[in-house]
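>>> Pasting the sequence and the predicted coordinates here, then a few questions.
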Amino acid sequence: MNFGENHGEDRTDRNIQAEPGTSNTQDLAMEQALKNFRMSVVAWSDAAYSRPRTVTQAVRRSWRLAAGWALGCVLAVGVVAGAGYERHRGQQLARIEAARIASQQRLAIEQEGRVRQRQAMAEEEDLLAKVDSDVSREVPSAMEPLAQLMAEDERQ
């Protein structure tokens, strides 16, 4: 069957009269059924293609979809940027804390150095005082017994 035919035409090329009970009657009935089916499909197709269509919902959905993707991307970028900022801020706070601890250690070392210096100075002063007392004797230690005898003689 040729679908390019005009659907309003009748087949007149078959002018065979069929007798009841022959296979020709069945062929004609089948041909008539297919012809009716074809005409109904063509009519339905014409009606389906000629009805008005709306495209506004698809445009709205694509706009909403694009807006959703855009907002999702903005949210993702915001989360990544926030995490980066927090990491940077944490590093800065760690650097500040490390500098503060280093400063405190430096001050403690300086104070310890001052204490050691004072102790060293005190030890030096004690040593100098001992040397001074040892040097400032009137009599050397080997002659001390004689010096005592002389001191007793002077008293008498």
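Arrived safely. Residues are numbered from 1 along each chain as shown.
>>> got the residue ranges for the helices in this structure?
Using DSSP state H, the helices found in the chain span residues 23-50, 56-135, 144-155.
>>> want to throw those helices into a markdown table with mean pLDDT and mean neighbour count?
Quick note: C-beta positions are derived from backbone N, CA and C, even for glycine. Shown next, in a markdown table, are the helices of the chain (pLDDT from 0 to 100; neighbours: other CB atoms under 10 Å):
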| stretch | mean pLDDT | mean neighbour count |
| --- | --- | --- |
| helix 23-50 | 92 | 11 |
| helix 56-135 | 90 | 10 |
| helix 144-155 | 76 | 10 |
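>>> domain assignment for this structure?
7-51, 61-137 (automatic domain parsing).
>>> how about these in JSON lines, adding distance to residue 147?
As requested, the domains of the chain are arranged in JSON lines below (distance: least, CB to CB, whole Å):
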{"stretch": "domain 7-51", "distance to residue 147": "144"}
{"stretch": "domain 61-137", "distance to residue 147": "9"}
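>>> List just the one of these that sits closest to residue 152.
Of all these, domain 61-137 sits nearest to residue 152, with 18.3 Å by CB to CB.
>>> re earlier: and residue 149, which of the domains of the chain is closest to it?
Nearest to residue 149, of all the domains of the chain, is domain 61-137, at 16.5 Å by CB to CB.
>>> what about that closest one, distance to the chain center?
Per CA atoms, centre = their mean, to the nearest Å, the displacement of domain 61-137 from the mean C-alpha position of its chain is 27 Å.
>>> likewise stretch 149-156?
100 Å.
>>> Please write out the alpha-carbon positions of that stretch in PDB.
The C-alpha trace of stretch 149-156 is given here as PDB (Å, rounded to 0.1, in the frame of the first residue of the first chain):
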ATOM      1  CA  LEU A 149     104.000  36.800 120.400                       C
ATOM      2  CA  MET A 150     104.800  40.400 119.500                       C
ATOM      3  CA  ALA A 151     101.200  41.400 120.100                       C
ATOM      4  CA  GLU A 152     101.400  39.900 123.600                       C
ATOM      5  CA  ASP A 153     104.600  41.700 124.300                       C
ATOM      6  CA  GLU A 154     103.100  45.000 123.400                       C
ATOM      7  CA  ARG A 155     100.300  44.400 125.800                       C
ATOM      8  CA  GLN A 156     102.500  43.800 128.600                       C
END
